[in-house]
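Q: this one's structure only:
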């Protein structure tokens, strides 16, 4: 399992960010749609496992299979492009401008949301036999999650909003470590192991992931969750997205870039 030194894989991170800026609109959207759909399926899989076994830890251990599948297929999550694409801007790669970075983020956001909504609709349909019955224990569990992670935060006011923001930061600190982890080896097995560990941590700790939430909260609303779409946006998705951006960029992308690409001169000892 060949290991790549940070000075090499951080350059790969910058290259990947540049490539995503130059990717066509069609390819960007398709890859983002597939990423959102797969991650939504992984989320409901983990919730189903945790509900049926009574073990949230087991659900967290198994959740990363979705993350691994989508990254091995080179599909794109908003959390990943938050970390990688700005590095191409900081490195002054040709054609990479703030407008182009925002274009990439916007397309990936739209694609992730579309894919997550597609999975939310399909899962709600099969759990209710075409919306002809209730969704059972799984639907009840997800409805409770949706309410507690919107109205529950709202009840704490500004403190609740910033709690979501910080949980979003912590989430993408770990998720982006998984993204970077996939670059440290040329072995598929080593890539999977490096992605598995931090993603499992974020899921078990209940940190906020914007794309998981793009699936979870619409699905919860379909299943009868007692909160509005505006509650979801204001008291979960918006602070989560901002926290994911801050965590991925400030806690992963920039530290690696500044210490392995834009390194300072070595000290001279007399």
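A: Received the coordinates, thanks. Computed from a predicted model, the values in this text were never measured in an experiment.

Q: pLDDT wise, what is residue 1 at?
A: For residue 1, the pLDDT comes out at 53.

Q: Surely residue 224 and residue 141 touch.
A: No - counting by Cβ atoms under 8 Å, residue 224 stays clear of residue 141, with 11.7 Å between them. Heads up, the C-betas are built off the backbone N, CA and C, glycines and all.

Q: quick one, which of these two is more surrounded?
A: Between residue 224 and residue 141, counted using other Cβ atoms under 10 Å, the more crowded position is residue 141 (17 against 14).

Q: Which strand or helix spans the residue nearest to the spatial centre of the chain?
A: In the chain, the centroid-proximal residue (Cα atoms, centre = their mean) is residue 79; its distance is 4.4 Å. Assigned by DSSP states H and E, residue 79 belongs to helix 78-90.

Q: Okay, buried residues for the helix or strand that contains residue 190 please.
A: In this assignment (DSSP H and E), residue 190 forms part of helix 188-204. Going by neighbour count (16 or more other Cβ atoms under 10 Å), the buried part of helix 188-204 is 190-192, 194-196, 198-204.

Q: cool, and stretch 82-96?
A: The neighbour-count check on stretch 82-96 (16+ other Cβ under 10 Å) flags 82, 83, 84, 85, 86, 87, 88, 89, 90, 91, 93, 96 as buried.

Q: would you turn these into a markdown table with pLDDT and distance to residue 186?
A: Output for those, formatted as a markdown table (pLDDT from 0 to 100; distance: Cβ to Cβ, whole Å):
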| residue | pLDDT | distance to residue 186 |
| --- | --- | --- |
| 82 | 98 | 25 |
| 83 | 98 | 21 |
| 84 | 98 | 19 |
| 85 | 98 | 23 |
| 86 | 98 | 26 |
| 87 | 98 | 21 |
| 88 | 98 | 22 |
| 89 | 98 | 27 |
| 90 | 97 | 26 |
| 91 | 97 | 23 |
| 93 | 97 | 24 |
| 96 | 98 | 26 |
